[in-house]
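*Asks:* please find the sequence and the predicted model below.
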Amino acid sequence: MGNRAGKAPYKERGMMKKYIPEKKKIVGVLVLALFAFVLAQSLFFIPQFGDLDVGRDVSSYYIDNSLEKTGSANIVNSIVWDFRSYDTLGEETVLFAATIGIVLLVRRRKI
Amino acid sequence: MLAYIASMLLLIIGAYTLVMKDNLIKKIMGLSVFSSGIHIFLISLGYRAGGIPPLLTNLNFNQISAIMVDPLPQALVLTSIVINLSITAFAMAIIVDVYREFGTLNIKKLKSLRG
Amino acid sequence: MDTIVKTTARIMFPFILMYGIYITLHGHLTPGGGFPGGVIIATGFALLIIAHKESRVEHTFRQISFIDAKSIAGFGILLLIMFGIFFRLNIIQVEKSLGILGGLTLPSNIFGTIMVATTLVIIVYSIIKE
């Protein structure tokens, strides 16, 4: 059931064979090119790929005290479930809300 | 430096698909690609040259805080992946309802329909 | 679907389940934890849902209620967090030789796995079978 008519106003007449883009698409491509240019400019301000001098104080505390206070050797796991467990609780709430929303939305209507 | 270029390529591809495509399902896929680009950028911010994964084993018990990679962005990205999954699933449920109601998934045709 | 797909799904299901439980229970020693283990268990269930026809899947799902399991697991996580805040200094004993039992991280992993697995099974069942 491919509805070819109604795709663009000038195609219905069947006279134009070349692909001439609409005005909105040109503006869209220009805006995306500007976005790409700004992203590429920011490559000069990022610090080197290997060295790391931000966030050392917080991560040092987590690495040094992970075995004594939580008893788990996996540091990422102890961060997610022990040091920052409120974030995990909020994420479970988001999962809950999404589940209830999906179950209510795909119910078959009896009309 | 290669990781940052890869993440920016993913951002550009995701933004292009989100804005320029006409189908609704393709737009949601573009949103997911965009989120993947952001996750890769966050994780590669915490890399240390010549580092080891943040696990405590029998081999590295002393002086471990100096050579491990940063475990904090990895924990935050875990939460973000799950929330991105919830958003994609919810958007797909809305799309199923839209298709059942209007019969089409094209943005240009949906604009001209008065339900 | 075909007989080949159905038989393969039935054979693969216990192995996928065992792998997911292994990743969950070793969450405090190796990389992994609650979330990847839950996703793998949900993959095993999703394979069964897709391979069988609708009447049989609906007959099985009427007996098990997944939203009840999800609510119990969520309540368990809330209890664990409140327990950890008030009794942090006195009760947790740590084995210095990287033993098997690991404080309060192990029950949190199990509850998190149940929550994620039930969520994904409910989503897959609602979108595909309706």
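*Replies:* Nice, thanks for sending it over.
*Asks:* host element of the closest residue to C:Gly76 other than its chain neighbours?
*Replies:* Sequence neighbours aside, C:Phe111 is the residue nearest to C:Gly76 in space, at 4.5 Å (criterion: Cβ to Cβ, 6 or more residues apart in numbering or on different chains). Any C-beta I mention is one placed from the backbone N, CA and C, and that applies to glycine too. Element membership for C:Phe111, per DSSP states H and E: helix C:105-128.
*Asks:* for the residue of chain B at minimum distance from chain A, grab phi and psi.
*Replies:* For chain B and chain A, the shortest gap (Cβ to the nearest Cβ) falls at B:Ala49, measuring 2.8 Å. Torsion angles at B:Ala49 (phi, psi; degrees, to the nearest 10) stand at phi -70, psi 120.
*Asks:* what ranges does the chain have for its helices?
*Replies:* Picked chain A for this. A:23-41, A:56-64, A:66-69, A:75-78, A:85-105 (DSSP state H).
*Asks:* let me rephrase: I mean chain C.
*Replies:* According to DSSP H, the helices that chain C contains are C:3-25, C:34-51, C:54-61, C:66-86, C:105-128.
*Asks:* and those helices as JSON lines, adding mean pLDDT?
*Replies:* Below are these laid out as JSON lines (pLDDT from 0 to 100):
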{"stretch": "helix C:3-25", "mean pLDDT": "93"}
{"stretch": "helix C:34-51", "mean pLDDT": "92"}
{"stretch": "helix C:54-61", "mean pLDDT": "77"}
{"stretch": "helix C:66-86", "mean pLDDT": "74"}
{"stretch": "helix C:105-128", "mean pLDDT": "87"}
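*Asks:* CSV for the ones you listed, including mean neighbour count?
*Replies:* Below are the helices of chain C laid out as CSV (neighbours: other Cβ atoms under 10 Å in any protein chain shown):
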stretch, mean neighbour count
helix C:3-25, 14
helix C:34-51, 20
helix C:54-61, 11
helix C:66-86, 15
helix C:105-128, 22
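*Asks:* just the helices of chain A: most buried one?
*Replies:* Of all the helices of chain A, helix A:75-78 has the most neighbours on average by mean count of other Cβ atoms under 10 Å in any protein chain shown, namely a mean of 27.
*Asks:* contacting residues for B:Ile28?
*Replies:* Shown in contact with B:Ile28 (Cβ atoms under 8 Å, 6 or more residues apart in numbering or on different chains): B:88, B:91-92, B:95.
*Asks:* pull out the buried members of the residues you listed.
*Replies:* Using 16 or more other Cβ atoms under 10 Å in any protein chain shown as the burial test, the contacts of B:Ile28 include B:88, B:92, B:95 as buried.
*Asks:* output the set of residues of chain B in proximity to chain C.
*Replies:* Residues of chain B lying close to chain C by Cβ under 8 Å from any Cβ of the partner chain are B:53, B:55-56, B:58, B:78, B:81-82, B:89, B:92-93, B:96.
*Asks:* the residues you listed, buried ones only, as a ChimeraX selection?
*Replies:* Only the buried entries of the residues of chain B next to chain C go into this ChimeraX selection, using 16+ other Cβ under 10 Å:
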select /B:55,56,78,82,89,92,93
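*Asks:* CSV for the residues of chain B next to chain C, including pLDDT?
*Replies:* Putting those into CSV (pLDDT from 0 to 100) gives the following:
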residue, pLDDT
B:Pro53, 85
B:Leu55, 85
B:Leu56, 82
B:Asn58, 70
B:Leu78, 93
B:Ile81, 95
B:Val82, 94
B:Ala89, 92
B:Met92, 90
B:Ala93, 89
B:Val96, 86
